[in-house]
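Asker: Fold the following.
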Amino acid sequence: MALAVNGVRANPYVNTAYVDQGNGKTTITPFSDILKKEKEQAAASVSSAQKAQADQTASSSGATSPSGAVPPSTGIASTNGTTGRLSSDGKLTTTLDDIFRRASEKYNISYDFLTAVAKAESDFNPNCVSSAGAKGIMQVMPYEAKELGITDVFDPEQNIMGAAKLLAAHLKKFDGDMTLAAAAYNAGSGRVKQYGGVPPFKETQNYVKKIAAYMKEGVKVPDKTYTVSPNKLSGDVTKSQGIQGQGTQGQGTQAASGAQNQIPGAVPATEEELNQSMVVVGSGEQAVTMTYGAYLRYLELGSLGVG
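Answerer: Sure thing, here's the model as predicted:
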């Protein structure tokens, strides 16, 4: 029997070939094929982004590419989750660098780029407030905080995660070009589109040069520890650490989730079992039947919807 998942759009990554009205069976593209296709598309996207960055760096004239363009860099941090400690009330005690690395990994954005922006914006001061009203380490504006889902703009975790999500949206909009993404973060993506490149504003021109210089020199994140309140922007922060009083750091997701939530004798579902379990996504004419594995992939591939 299929599970009904209401209020979710039909998954564009799952193809329904036909529906047999007699027995209700639906032919669906195997989840393994979907995942393979996504990996191929992701590889092609990275290649395209790297080419765009190389072209941007090679050009040094006009507003489109000022001198000091942000150097191309992949530099996505790879982690197994936080190295901090999560208490039973949901508070996370962690290092500032840990937050940047998880944000880099979660939003697929260069760690060097992300930390360079933080350096340029506030020099890593979580209590910084600009004359324009931008707040926190990444100097997020109030309207941006609301759109991004930041509930406490002075919380380093939420501020950095939200800014990483916004920068990722700018990178997607400008085909992976970090110079244009930096310009958009400073002046707005509308201005970048209006001028067909980095706007001819002295502040923005200097800003992208500063980001490029920080990335070239390398930025050292201050060795500071904060107790923060992760929200949905952070995703899963329970990996590679234990809940205080219920295990030790490094015991992984199962320990961090809390023994009281485990079902005795339960074991993780296999990929084959996930592909055999069916769910119905949406309702009415928009309803689509898919494997539970495909449904999880749908959730993972949700649109940023910001920027």
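
Asker: any idea how far residue 104 is from residue 113?
Answerer: Using C-beta to C-beta, to the nearest Å, residue 113 is found at 8 Å from residue 104. No exception for glycine: its C-beta is placed from N, CA and C like everyone else's.

Asker: what residues are shared contacts of these two?
Answerer: Contact criterion C-beta atoms under 8 Å, 6 or more residues apart in numbering; residues shared by residue 113 and residue 104: residue 75.

Asker: In terms of neighbours, single out the busier of those two.
Answerer: Set residue 113 next to residue 104 and count neighbours by other C-beta atoms under 10 Å: residue 113 wins out with 27 against 24.

Asker: any idea which element the more buried one lies in?
Answerer: helix 111-122 (DSSP states H and E).

Asker: Hmm, residue 187 is touching residue 205, no?
Answerer: No - applying C-beta atoms under 8 Å, one finds residue 187 not in contact with residue 205, separated by 9.8 Å.

Asker: what is in contact with these two at once?
Answerer: By C-beta under 8 Å, 6+ apart, the residues touching both residue 187 and residue 205 are residue 199.

Asker: Would you mind giving me the confidence score for residue 79?
Answerer: You'll see residue 79 listed with a pLDDT of 77.

Asker: same question but for residue 76, I mixed them up
Answerer: 83.

Asker: Then residue 284?
Answerer: pLDDT, residue 284: 65.

Asker: same question, residue 200
Answerer: For residue 200, pLDDT reads 95.

Asker: mind checking how far it is from residue 40?
Answerer: 39 Å.

Asker: rewinding a little: tell me which other helices or strands the helix holding residue 113 touches.
Answerer: helix 96-106, helix 156-173, helix 178-187, helix 202-217 (3 or more C-beta pairs under 8 Å, 6 or more residues apart in numbering; DSSP states H and E).

Asker: Highest mean neighbour count out of the ones you listed?
Answerer: Burial of these is given as mean neighbour count (mean count of other C-beta atoms under 10 Å); helix 178-187 ranks first at a mean of 27.

Asker: Pull out the buried residues from the next helix or strand after that one.
Answerer: Downstream of helix 178-187, the first helix or strand assigned by DSSP H and E is helix 189-195. Within helix 189-195, the residues that count as buried by 16 or more other C-beta atoms under 10 Å are 189, 191, 192, 195.

Asker: Just the mean pLDDT for helix 189-195, thanks.
Answerer: For helix 189-195, the per-residue pLDDT averages 95.

Asker: Contacts made by it with the rest, please.
Answerer: By C-beta under 8 Å, 6+ apart, helix 189-195 touches 63, 170, 173, 174, 180, 183, 184, 198, 199, 201, 204, 307.

Asker: Ranking helices and strands of the protein by mean pLDDT, which lands last?
Answerer: helix 252-257 (a mean of 34; mean pLDDT, DSSP states H and E).

Asker: which ones are touching the residue nearest to residue 223 when sequence neighbours are not counted?
Answerer: The spatial neighbour of residue 223 that comes closest, neighbours along the chain excluded (C-beta to C-beta, 6 or more residues apart in numbering), is residue 95 at 7.2 Å. Contact partners of residue 95, counting by C-beta under 8 Å, 6+ apart, are 83, 84, 223, 224, 225, 226.

Asker: beta partners of residue 95?
Answerer: residue 225 (DSSP bridges).

Asker: any idea how far it is from residue 89?
Answerer: Taken as C-beta to C-beta, the span from residue 95 to residue 89 is 20 Å.

Asker: same question, residue 290
Answerer: 36 Å.

Asker: The two: which is more packed in?
Answerer: Taking other C-beta under 10 Å, residue 290 and residue 89 do not tie; residue 290 has more neighbours (27 against 7).

Asker: Just read off the phi/psi values of the more buried one.
Answerer: Main-chain torsions, residue 290, degrees, to the nearest 10: phi -150, psi 170.

Asker: just to revisit the earlier point, got CSV for the contacts of helix 189-195, with distance to residue 153 too?
Answerer: Shown next, in CSV, are the contacts of helix 189-195 (distance: C-beta to C-beta, whole Å):
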residue, distance to residue 153
63, 32
170, 19
173, 23
174, 25
180, 25
183, 23
184, 20
198, 27
199, 25
201, 25
204, 23
307, 18
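
Asker: Among the residues you listed, which one lies nearest to residue 150?
Answerer: Closest to residue 150 out of the contacts of helix 189-195 is residue 307 (14.5 Å), distances taken as C-beta to C-beta.
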